[in-house]
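In: A predicted structure for the sequence below; I have some questions about it.
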Amino acid sequence: MNLVRLQGPTDFEGWRRAARSLRLRGVEPNAVVWAVAGEGDLFAEPAGVEDGPPAGPGFRTPRAFVDLAEEVICHRDGERFDLLYRLLWRFEREQTLMLDITDPDVARAREMAKNVSRASHKMKAFVRFRRIEGLEPEAFAAWFEPAHFVVERTSGFFVRRFTGMLFSILTPDLCCHWDGEALSFSAGVSRDQAPADDVLEDYWRTYYASIFNPARLKVKAMQAEMPKRYWRNLPEARLIPDLIATAGERTAAMVASAPTQPARHAIKAARAAARDAPFGEGQPRSLEELVAGVDGCRRCDLWKDATQGVPGEGAALARLMFVGEQPGDQEDLAGRPFVGPAGQVFNQALEKAGVPREETYVTNAVKHFKHELRGKRRIHKTPVTPEIVACRWWLDSERRLIRPRVIVALGATAAQAVFGRATPIKANRGRAIQLDDQAQGVVTYHPSFLLRVPDARAKAEGFAALVEDLALAWKLAA
Ligand code: URA
């Protein structure tokens, strides 16, 4: 029996070296035992793999496998080392193995990689920093309990996102520390070593309560997105039971105060057309697939500094689609479009124009938040053409799935994405422009442009123009 003891639970290099040596010596998977140093005392002796003489020719490992293995190794399942070595072993005879997603080993490895990527995503979304009392310069710490061993692979995200802030993320597995210049790691700690409540928590609670929309409450989806295991470390979680309990009442109040609109039933033909439309290879076939795809998108580099991809949301077969520029700071955190300050202007303009937002679909030309850090603030940066072009794949998918009659481009970036060329707003607003996919386009001002107009009169005129264009679009879509 060959015993391999790795230096830590995510010691990919150690696994790789050992696996290579074992494989070259023709050691079968069932003749290897994998262990992690310090985990249990089953094997008191230190163990490595001897470099004996190779029993056969060398071998090449497909890149796809290495990428997958780097993720799988971060899974908590103790079987992972064995599974990966078994896959490596099988490559010799089954060279297209990685393509066979029905193979139980491949399927399990892919599932594990997905779990790891999800755990990393949850860490990005649910880490909440608290100020450490009495430290100068200011420093922050967060307590987090990751589902898998994702601290190392996710720490770069926090460094990019909070470069100017000194912080530690404490977990039971491993802690990471950023001192403004270097990232370091130390052994895991217990919950009582993390700081308790501070004012940041009130900030989070206020923010969360303000973005919570009772009319869109889907308890199951919410629990899937924010599983209960994370609640106890989230300051806002304490609000959730009450927000859920009062959602019905608050929705009824919203409905009572909303302008009444006659129900419109123009979706039958669109539904049939959407079903029959040919899809390009790899394009999502449903909005659910699209949502998952947007979050995992690597078509450009913007994902690296964003919390998550923000897909569109709204009626699945909406007659009217709105396209903004890109998620802002609050959209990036909430994972939903137009929920921040620009969203408020947008909602006011919709209300004034008599357009029920819930009957439309709202999305952005670019799905990840592009920004730069100034101190602790994340300042919006306008996406450049290659980013708009890369993300158009998603916008086109949304257009094909939703099949709106009318698409409204909010601002210049959206106009470039929707019309495929620069379309100046002042010269083109207030009229329908024919698009290639049978839909009609309307271009108008971006709500956040109005937030920046300093002159009150110009602001009011801009808002009136926006309302006029939204009303026109709604009429065209009828
Ligand atoms: N601005 C946009 O263009 N989109 C959003 O979702 C929010 C602000």
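Out: It's in. Numbering: from 1, shown residues only.
In: please pull out the lowest mean pLDDT helix or strand from the protein.
Out: Lowest on mean pLDDT, DSSP states H and E among the helices and strands of the chain sits helix 268-276, with a mean of 42.
In: ok, now which ones touch the closest residue to the ligand within the stretch 251-400 of the chain?
Out: Each residue of the stretch 251-400 of the chain has a distance to the ligand, by C-beta to the nearest ligand atom, and the smallest belongs to Gly324, at 2.8 Å. Yep, even glycine has a C-beta here, placed from its N, CA and C like the rest. Shown in contact with Gly324 (C-beta atoms under 8 Å, 6 or more residues apart in numbering): 337-338, 342, 346, 362-365, 410-411, 414, 446-447.
In: got the phi and psi for Leu320?
Out: phi -130, psi 130 (degrees, to the nearest 10).
In: sorry, wrong one. I was asking about Lys352.
Out: Its backbone dihedrals place Lys352 at phi -60, psi -30, with angles given as degrees, to the nearest 10.
In: where in the chain is pLDDT low?
Out: Counting by pLDDT under 70, the chain shows low-confidence ranges at 40-59, 196-219, 221-226, 232-233, 235-239, 247, 250-281.
In: need the residues of it near the ligand, please.
Out: For the chain, the contact set with the ligand under C-beta under 6 Å from any ligand atom comprises 324-328, 331, 337-338, 340, 342-343, 364, 448.
In: in helices, which of those residues fall?
Out: Cross-referencing the residues of the chain next to the ligand with the helices (criterion: DSSP state H) gives Glu331, Ala342, Gly343, Ser448 as the overlap.
In: quick check, nearest of those residues to Arg399?
Out: For these, the residue nearest Arg399 by C-beta to C-beta is Glu331; the value is 20.2 Å.
In: quick one: the closest one and Pro337 touch, right?
Out: Yes - counting by C-beta atoms under 8 Å, Glu331 does reach Pro337; the two are 5.7 Å apart.
In: if I look at those two, which residues touch both of them?
Out: Between them, Glu331 and Pro337 have Val310, Gly343 as joint contacts when contacts are counted by C-beta under 8 Å, 6+ apart.
In: what sits closest to whatever residue of the stretch 51-200 of the chain ends up closest to the ligand if chain neighbours are left out?
Out: Taking C-beta to the nearest ligand atom as the measure, the stretch 51-200 of the chain has Ala125 as its residue closest to the ligand, at 16.9 Å. The shortest distance from Ala125 to any residue other than its chain neighbours is 5.9 Å, reached at Thr307 (C-beta to C-beta, 6 or more residues apart in numbering).
In: equivalent analysis for Glu359, please.
Out: Closest residue to Glu359 in three dimensions, ignoring its sequence neighbours and counting by C-beta to C-beta, 6+ apart: Ala315, at 5.4 Å.
In: so the one you found touches Glu358, yeah?
Out: Yes - using C-beta under 8 Å, Ala315 is in contact with Glu358, at 6.7 Å.
In: re the thing from before, now the phi/psi pair for the residue of the stretch 51-200 of the chain closest to the ligand, please.
Out: Residue torsions, per degrees, to the nearest 10, at Ala125 are phi -80, psi -30.
In: what residues are up against it?
Out: Thr307, Gln308, Leu333, Gly335.
In: wait, what's in contact with the closest residue to the last one other than its chain neighbours?
Out: In space, and not counting its chain neighbours, Gly335 is closest to Gln308: 5.1 Å by C-beta to C-beta, 6+ apart. The contact partners of Gln308, taken as C-beta under 8 Å, 6+ apart, are His121, Lys124, Ala125, Asp295, Asp332, Gly335.
In: of those residues - the most surrounded one?
Out: Each of the contacts of Gln308 was scored by neighbours using other C-beta atoms under 10 Å; the highest score is Asp332's, at 24 neighbours.
In: for burial, what's the neighbour tally of the residue nearest to that one when sequence neighbours are not counted?
Out: In space, Asp332 comes closest to Phe369 once its chain neighbours are excluded; the distance is 3.7 Å by C-beta to C-beta, 6+ apart. Residues near Phe369, counting by other C-beta under 10 Å, number 26.
In: from the centroid of the protein, which residue is nearest?
Out: Here the mean C-alpha position of the chain is nearest to the C-alpha of Gln308 (C-alpha atoms, centre = their mean), at a distance of 2.5 Å.
In: hang on, that residue in a strand?
Out: No - inclusion of Gln308 in a strand is not indicated when DSSP: H, G, I helix; E, B strand; the rest coil is applied; the result is coil.
In: burial check on Phe12, number of neighbours?
Out: Taking other C-beta under 10 Å as the criterion, the count of residues near Phe12 is 18.
In: alright, that wraps it up for me.
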